[in-house]
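# what would the 3D arrangement of this be:
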Amino acid sequence: MRIDIWGKKRTSLFLLAWTTVWVVWIAFMASGPLWNLRTLVLAGLPMTSFYAAACLSADHLCRFFPLRPSRLWTSLVNQVAAAMTLAFAWILIDHGLSALIPGLYLHNILLFVAGMLLYLTAAAGFYATHAVQDAWQAQRASDQAQLLAREAELRALRAQINPHFLFNSLHSISALAGIDPPRARQMCLHLAEMFRLSLQLGRQEAVSLADELKLLRAYLAVEQVRFGSRLHFRDEVDALSPQATLPSLLLQPLVENAVKHGIAGLTGHGQILLRIATGNDMLQILLENDYDPDSLSPNRNGVGLQNVRPRLATPYGSRATVIWRGEKGRFSVRMQIPFEPADTAVPPGAPL
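Residues are numbered from 1 along each chain as shown. So this is what the prediction gives:
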C-alpha cells in the first residue's frame, strides 16, 4: 500500500501554490495599465485560486502516468498536453474577467507561457516527491525483509541447539538407568529444571548474563551427576558482567561442547574455566577446557561452535569477534561482544 507522505499537508501545499501564482499575477498586473486593489481582488483571487488548484492536480496525473522507461514518452506527452490545456483555460478565464472589469488586459502569450511553466514545475516537483517516496518504501521493505530473515535465522539456530542437548541428556540417562538408578532419577530432576530454564530463555532474543549463568548451573548439575568428580568447573565473573545482555542460549551450548568433546574424552579429571570481564564497553568471555590431544576432533565439530559466529554476527555485526584454538591439551574459546546492560539484573557473585 502506498503511503501518502503529504498526508494532511494538502492545505499548506495549496497555500504555497496559491502564493506562487499570486506573485506571478502581481507581476503581470504591474506590467499592465491597471494597478489597484479592486483589480487585484476581483481578477486576482479567481485567477490564482484556479491555477493553484490546477497545479495541485498534477499530483494525480503524475500517479496515473509515472515516469517509467516503458511509458516515458506517453507520460511526458500527457503532462505537456495537460499544461497546454490548463494554460489555455487560464487565458479563457482572463478573457471572461476582462468583460466584467473594463480595461483589464493581460498578454495572452505571456500568460500561456507562465501557465505552462507553473504546471510543469509542479509536475516535476511531484515526480521528484514520488521518486523519494518509492525509494523510501523500497528501503523500508528491504529492511523488513532483512529483519525477517535474521529472525528466521535465529529461530533455526535455536531449534538446532535444543534437540542436540536433549539427545545428549537422554543418552546419559539411558546409560545411568542400568547401573545407578538413583543417579538417573536425580539427573531427570536436574534435566527438568534445565529444560524449564531453557524454554524460558529460548523464547527471548536476548537475555541477561545472570540468567544465562542460571541456565549453566542447571546444565552442570545434570552433567555433574554423570561425571561426578571427573568434572571440575571454575568461574571468574566480575561484578559488572552479570548485568550485560547477550543472545539467549549462547554459553550453554559452548559449555556442553566442552563437556562432550573435552571432559568426556579424558580418562582422568578435567577442568572447565569460564572467565568473564568487562572493559572498554565490551564484554570479554573466555571458556577453556581440558581435552585429549589424541582426539580426532577436540571440540571442533560441536553444534555450539558451528552456531556461535552467525549468532553473534546477526545482532552485533563486525563489533563482535570469536576465535577458538586447541593446543597442548587445552581448548579455548574467546568472545568479545558490545557491553549492553540489561534492564534488570540479579546481584552478581553467586558461584556456579
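
# may I see the buried residues of stretch 192-210?
For stretch 192-210, burial by neighbour count (16 or more other CB atoms under 10 Å) applies to 193-195, 197-198, 201-202, 207-210. (C-beta placed from N, C-alpha, C; glycine too.)

# got a list of what the spatially closest residue to Ala184 that is not a sequence neighbour touches?
Nearest non-adjacent residue to Ala184, counting by CB to CB, 6 or more residues apart in numbering: Leu176, 4.0 Å away. By CB atoms under 8 Å, 6 or more residues apart in numbering, Leu176 lies in contact with 183-184, 187, 225-226.

# mind checking which of these are in helices?
Among those, the residues falling in helices (DSSP state H) are 183-184, 187, 225-226.

# just flag the most distant two among those residues.
Longest distance between any two of the ones in helices among the contacts of Leu176 is 9.5 Å, between Ala184 and Arg226; criterion CB to CB.

# dihedrals phi and psi, Asp238?
phi -70, psi 170 (degrees, to the nearest 10).

# rewinding a little: reformat the contacts of Leu176 as TSV; add neighbour count and pLDDT.
As requested, those are exported to TSV (neighbours: other CB atoms under 10 Å; pLDDT from 0 to 100):
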residue	neighbour count	pLDDT
Arg183	16	81
Ala184	18	82
Met187	23	82
Val225	23	79
Arg226	23	75
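
# just to revisit the earlier point, out of the buried residues of stretch 192-210, list just those in helices.
Reading helices off those with DSSP H, I get 193-195, 197-198, 201-202, 209-210.

# quick one: which of the residues you listed has the lowest pLDDT value?
On pLDDT alone, Gly202 ranks lowest of those, at 67.

# which one of the buried residues of stretch 192-210 sits closest to Leu118?
Distance to Leu118, by CB to CB, is smallest for Val207 among the buried residues of stretch 192-210, at 60.8 Å.

# that closest one and Ala244 touch, don't they?
No - taking contacts as CB atoms under 8 Å, Val207 lies outside contact range of Ala244: 10.0 Å.

# are there residues contacting both of those two? Which ones?
Between them, Val207 and Ala244 share these contacting residues under CB under 8 Å, 6+ apart: Ala342.

# circling back: need the max-distance pair from the buried residues of stretch 192-210.
Phe195 and Leu209 (20.4 Å).

# neighbours of Ala138, how many?
Neighbourhood size, Ala138 [other CB atoms under 10 Å]: 10.

# tell me the SS of it?
Secondary structure, DSSP: H, G, I helix; E, B strand; the rest coil: Ala138 is helix.

# distance of it from Leu216?
44 Å (CB to CB, to the nearest Å).

# same deal with Ala184?
According to CB to CB, Ala184 and Leu216 sit 22 Å apart.

# what do you get for Leu111?
82 Å.

# mind checking pLDDT for the residue lying closest to Val80 once chain neighbours are set aside?
Nearest non-adjacent residue to Val80, counting by CB to CB, 6+ apart: Leu120, 7.5 Å away. The model reports Leu120 with a pLDDT of 82.

# what do you get for the one 10 residues further on?
pLDDT, His130: 79.

# kindly report the same for Trp90.
For Trp90, the predicted pLDDT is 73.

# could you do Thr39 as well?
Looking at Thr39, its pLDDT reads 64.

# please apply the same query to Pro351.
42.

# kindly report the same for Asp134.
Confidence at Asp134, expressed as pLDDT, is 81.

# okay, and it sits in which element?
Assessed by DSSP states H and E, Asp134 sits inside helix 108-177.

# identify the residues contacting Arg334.
So Arg334 contacts 284-286, 321-324 (CB under 8 Å, 6+ apart).

# out of these, who's the most crowded?
Neighbour max across the contacts of Arg334 (other CB under 10 Å) = Ile285, 23 neighbours.

# hang on, it packs against Met335?
Yes - between Ile285 and Met335 there is a contact under CB under 8 Å: 4.3 Å.

# in what helix or strand does the nearest residue to Ala122 once chain neighbours are set aside lie?
Residue nearest to Ala122 in three dimensions, not counting chain neighbours: Cys55, with 3.9 Å by CB to CB, 6+ apart. Per DSSP H and E: Cys55 is located in helix 37-56.

# tell me what the next helix or strand after that helix is packed against?
Scanning forward in sequence from helix 37-56 by DSSP H and E, the next helix or strand is helix 58-64. For helix 58-64, the packing partners by 3 or more CB pairs under 8 Å, 6 or more residues apart in numbering; DSSP states H and E come out as helix 72-100, helix 108-177.
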